[in-house]
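Asks: The following comprises the amino acid sequence and a computationally predicted model.
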Amino acid sequence: MMERPDLEKLAVIRYPDPLLKKPSVEITEVDSFLDELVCRMAELMEQERGMGLAGPQVGLNYRIVIGNPTMEPGKYEVLINPVILKREGRLIGQEGCLSVPGVFANVKRAERVVVRAMRPSGETVEFEAEGLPARLWQHEIDHLDGALFVDRLSTAARILIRNSLKELERAYERDSNSGG
């Protein structure tokens, strides 16, 4: 049974919130609450000008992601319990994350992936993604496993962003201590 939070209070949580590191659980019920959650996640993703959002990023550790590589309003896809079945090729490209605002770095990812997931209709699908959509799905599925893009960086790349991460840690600490 999925926890049913007040969807109006959902917000994108920020690094280093421990919920971002917690592995997500599979969704076993597809119901009207899930439809409402998807709508709210899409709304948050568009407000924050992102191209993807995973359950853990709104504080819900459920295996659900939405993605919109074109960033065209309303044109998002929803994947429930997604699994990457196959990875091919290698591509390095810049990534950022709504939960790690203002931080961007080059990340090595597979160029092509085959993903199996369930749609909100309950239908199981299997599809191939390449280029930016492949990067997007890998990034979002990482969230479901408790991993952030900064976890995939080389030592040199981590050094380049360490001050930005420290500032996010300080802001998180301030907000936590002020009850906000």
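Replies: Nice, I can see it.
Asks: buried stuff in the biggest strand by length in the chain?
Replies: With secondary structure taken from DSSP state E, the chain has its longest strand at strand 77-88. Neighbour counts over strand 77-88 (16 or more other Cβ atoms under 10 Å) mark E77, V78, L79, I80, N81, P82, I84 as buried. C-beta: built from backbone N, CA, C; applies to glycine.
Asks: Could you list every helix and strand in contact with the longest helix anywhere in the chain?
Replies: For the chain, the longest helix by residue count, based on DSSP state H, is helix 155-177. Packing contacts for helix 155-177, counted by 3 or more Cβ pairs under 8 Å, 6 or more residues apart in numbering; DSSP states H and E, involve strand 100-109.
Asks: residues making contact with the strand it packs on?
Replies: Applying Cβ atoms under 8 Å, 6 or more residues apart in numbering, the external contacts of strand 100-109 come out as 14-15, 90-97, 134-135, 138-139, 148-150, 152-153, 157, 160-161, 164-165, 168.
Asks: Could you tell me which of those are located in strands?
Replies: Going by DSSP E, the strands hold L91, I92, G93, Q94, E95, G96, C97 from the contacts of strand 100-109.
Asks: List the contacts of the fifth one.
Replies: In this case it means E95. F104, A105, N106, V107, R135, H139, F149.
Asks: can you check the third one too?
Replies: The contact partners of G93, by Cβ under 8 Å, 6+ apart, come to N106, V107, R109, L132, R135.
Asks: again, but for the second one
Replies: Applying Cβ under 8 Å, 6+ apart to I92 gives the contacts N106, V107, K108, R109.
Asks: Narrow these to those that are buried.
Replies: V107, R109.
Asks: From the contacts of I92, pick the one nearest K21.
Replies: V107 (17.6 Å; Cβ to Cβ).
Asks: Look at that closest one and report its pLDDT.
Replies: pLDDT, V107: 96.
Asks: In the beta-sheet assignment, what are the partners of the closest residue to it other than its chain neighbours?
Replies: Of all residues not flanking V107 in the chain, E95 sits nearest, at 4.7 Å (Cβ to Cβ, 6 or more residues apart in numbering). Beta-bridge pairing of E95 under DSSP bridges involves A105.
Asks: any idea how far E95 lies from P73?
Replies: Distance of E95 to P73, given as Cβ to Cβ, to the nearest Å: 22 Å.
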